[in-house]
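Colleague: My questions are about this predicted structure, shown below with the sequence.
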Amino acid sequence: MTSKKNEKVHFIAIGGSVMHSLAIALKMKGLDVTGSDDNVYDPSKQRLEEHGLLPKTYGWDDSRITKDLDAVILGMHAKEDNPELIKTRELGIPIYSFPEYIRKQSDDKQRIVIAGSHGKTTITAMIMHVLNYAKRDFDFVVGAYLDGFSNIVKLSDAPIIIIEGDEYFSSALDKTPKFLNYEHHLGLISGISWDHINAFKTVDDYVKQFEIFADATPKSGTLIFCEEDDMAMVIASNQRTDVVQLHYAIHPYVIKNEITYLKTSNGLVPVKVFGQHNMLNLNGARRLLSRIGVTDEIFYEAISSFEGASKRLQLVKENKNTAVFLDFAHAPSKVEATTSAIKERYAQRQLVACLELHTFSSLNKNFITNYQDTLQEADEACIYYNPHNNKQSAESKIEMKDVENAFNFNGLKVFTEIENLEQFLIKRNWKDTNLLMMSSGNFGNMDLKSIAEKIVASTN
């Protein structure tokens, strides 16, 4: 089922990253779109304003909910006692989480879903980049902004849709993992590493969601697994015979003069991404694309110009002596992979790795031990967290000693005041040293671009 151009849709909690992007995509498709939120921050605020979708006033107002609405899309930020949600239910208006609504828009499409605890944004982005290069028509939902794409959601009459599938809850009303609501035809699992402790209390509970995802593959559908990931391969070993099952490993590569080259049957192909985890991501994308008619020849032509998704090993500033990188890494497996990638590429330089503990899981005393040894490839490491933003219970709230013990890193520096971290970064000698900043947050609104410029200038 697809929407009509005169369909009226209201977004409760429109300010979220994917929510506001979906709202823009629907308006561009010709729908009548409205929205509400208790606050909206940039970049969502600016983008909504540009498209005439920013709520005139913040807060919840049930008068926005009228009988002529065809659908209400509910964001994760909205709670069950939201007055607009209550009114929606009273009037019997259909309520969707955003993954449910994406599925509603995709009845006649081949649905391709990229799942996994890590790498799913980059794999999705690589697939999109190659399809764009090949001039294939496709829709998409991805979790980061990419060069060549003006939005992170596109809905049209394209025959396929590429979806980054998150395992977290769909909405306040729907505790189904997002990736299950898409009902994939072709699925990929990049790897499984326990995350979202607030939603999945145990490793088994977390892994079970991926088992359900794999089991939901339809007859004659396709599932692709990373064979370097033990947990993914355990799930792969249990699959049905009526599903096409494919595996992938690290793409062969070599590093010369800090440039990564893919080893192919036609010689070396230079690429702009680097690190073993990206060689895994790249090969997963190649394997999947081969199932929808993209040849290796086209893949290698296209992937050489792929620069990565926003905040995924993003180069902020560099010169011949130092480089500053920003990465979205926050879960233990991501922190370890990103740190190793930088050290592998710049083997002759020192590496300072700085991680912000920002997520519910990372600030939990019962989870933080999972970070043990994840920073071992760094020469120096520091942690920043804001104790005032920690919403844990008294029993599970971390203290500084918990952080120091968890990482098992000799000389670990722990900062709880962002000004102290800034001073440390500015005053340090950065000659022949790289800086890696990792967070799913924003380091207390620190101006990283300005600090990176000062670091690089200090070594000129």
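Modeller: Received the coordinates, thanks.
Colleague: Low-confidence ranges, this structure, go.
Modeller: 1-5, 239 (pLDDT under 70).
Colleague: ok, which stretches of it are helices?
Modeller: 17-28, 44-50, 83-91, 98-104, 120-133, 178-181, 203-215, 230-236, 276-291, 296-303, 332-345, 400-407, 418-427, 448-457 (DSSP state H).
Colleague: Mean neighbour count and distance to residue 37 for the ones you listed - can I get that in a markdown table?
Modeller: Just so you know, the C-beta spots here come from the backbone N, C-alpha and C atoms, and that holds for glycine as well. Formatted as a markdown table, the helices of the chain follow (neighbours: other Cβ atoms under 10 Å; distance: least, Cβ to Cβ, whole Å):
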| stretch | mean neighbour count | distance to residue 37 |
| --- | --- | --- |
| helix 17-28 | 22 | 9 |
| helix 44-50 | 16 | 9 |
| helix 83-91 | 17 | 10 |
| helix 98-104 | 22 | 14 |
| helix 120-133 | 25 | 24 |
| helix 178-181 | 24 | 20 |
| helix 203-215 | 17 | 28 |
| helix 230-236 | 18 | 37 |
| helix 276-291 | 23 | 33 |
| helix 296-303 | 17 | 38 |
| helix 332-345 | 22 | 29 |
| helix 400-407 | 16 | 33 |
| helix 418-427 | 15 | 26 |
| helix 448-457 | 17 | 26 |
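Colleague: Quick one: residues in contact with stretch 241-250.
Modeller: 217, 219-228, 233, 236, 239, 276, 279-280, 283-284, 286-287, 291 (Cβ atoms under 8 Å, 6 or more residues apart in numbering).
Colleague: mind checking which of the helices of the chain is nearest residue 357?
Modeller: helix 400-407 (7.2 Å; Cβ to Cβ).
Colleague: Spit out the contact partners of the closest residue to residue 24 other than its chain neighbours.
Modeller: Residue nearest to residue 24 in three dimensions, not counting chain neighbours: residue 51, with 5.1 Å by Cβ to Cβ, 6 or more residues apart in numbering. Shown in contact with residue 51 (Cβ under 8 Å, 6+ apart): 23-24, 27-28.
Colleague: Could you give the number of residues near residue 318?
Modeller: By the measure other Cβ atoms under 10 Å, the count of residues near residue 318 is 14.
Colleague: What separation is there between it and residue 346?
Modeller: Distance, residue 318 to residue 346, by Cβ to Cβ, to the nearest Å: 10 Å.
Colleague: Could you tell me which residues make contact with the residue of the chain most remote from its centre?
Modeller: Here the chain reaches farthest from its C-alpha mean at residue 67, the gap being 36.0 Å by Cα atoms, centre = their mean. Contacts were defined as Cβ under 8 Å, 6+ apart; by that measure residue 67 touches 91, 93.
Colleague: State the phi and psi torsions of it.
Modeller: phi -60, psi -20 (degrees, to the nearest 10).
Colleague: of the helices of the chain, which approaches residue 8 most closely?
Modeller: So among these, helix 17-28 is nearest, using Cβ to Cβ, at 10.4 Å.
Colleague: Now do the same contact list for the nearest residue to residue 74 once chain neighbours are set aside.
Modeller: Closest residue to residue 74 apart from its sequence neighbours, by Cβ to Cβ, 6+ apart: residue 171 at 4.6 Å. With contacts defined as Cβ under 8 Å, 6+ apart, residue 171 is in contact with 74-76, 78, 97-98.
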